[in-house]
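Q: Here is a sequence with its predicted model. Questions after.
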Amino acid sequence: MVEIAALASGTVATLVPYLIQGGKGFAGEAGKNLFIWLKDKFASQNKQKDLEDLQAKPNDTRLQGRLEVVLENILAENRKLVPELAKLVKDAKGEVHSVNNSKNVNTGTIKDINGHVTFGDNNTIS
């Protein structure tokens, strides 16, 4: 059985990147389905303001925590929702297809270096 606190935390962690992108991350059906499910459950509990606040400020960790607590309470009141939400979160996590700020990275072993070595973009030695 999935622990409610862990599921609530995982749900918010899955949701936040979508919200940061202003909903653009909801390109897949699973992400949209998760968000719609949450909106429905929060509205039925008169807690939609908590979700709207997080939509407005997705990086605010206090709002993320508040959403987790509200979600934990919703799940504790109706444990039948737990497997349903767990599947939605799993599906939403599995559909992430974007890579942001990707760079070419080479790895290897460096032996016997003489002189200066710089790493990163636009680094100089003065």
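A: Sure thing, it's come through. Numbering: from 1, shown residues only.

Q: residues contacting residue 37?
A: 84-85, 88 (C-beta atoms under 8 Å, 6 or more residues apart in numbering). Just so you know, the C-beta spots here come from the backbone N, C-alpha and C atoms, and that holds for glycine as well.

Q: Then residue 20?
A: Per C-beta under 8 Å, 6+ apart, neighbours of residue 20: 58-59.

Q: Give me the distance between it and residue 5.
A: 23 Å (C-beta to C-beta, to the nearest Å).

Q: Sort out which residues of the helix or strand of the chain with the lowest mean pLDDT are buried, please.
A: Ranked by mean pLDDT, DSSP states H and E, the weakest helix or strand in the chain is helix 29-44, scoring a mean of 88. For helix 29-44, a neighbour-count test (16 or more other C-beta atoms under 10 Å) marks 30-32, 34-35, 37-38, 41-42 as buried.

Q: so where's this structure shaky on pLDDT?
A: 1, 22-28, 95-126 (pLDDT under 70).

Q: What are the boundaries of the helices in it?
A: 4-20, 29-44, 48-56, 61-77, 81-93 (DSSP state H).

Q: which residues touch the residue lying closest to residue 53 once chain neighbours are set aside?
A: Closest residue to residue 53 apart from its sequence neighbours, by C-beta to C-beta, 6 or more residues apart in numbering: residue 63 at 5.2 Å. Contact analysis of residue 63 by C-beta under 8 Å, 6+ apart lists 50, 53-54, 57.
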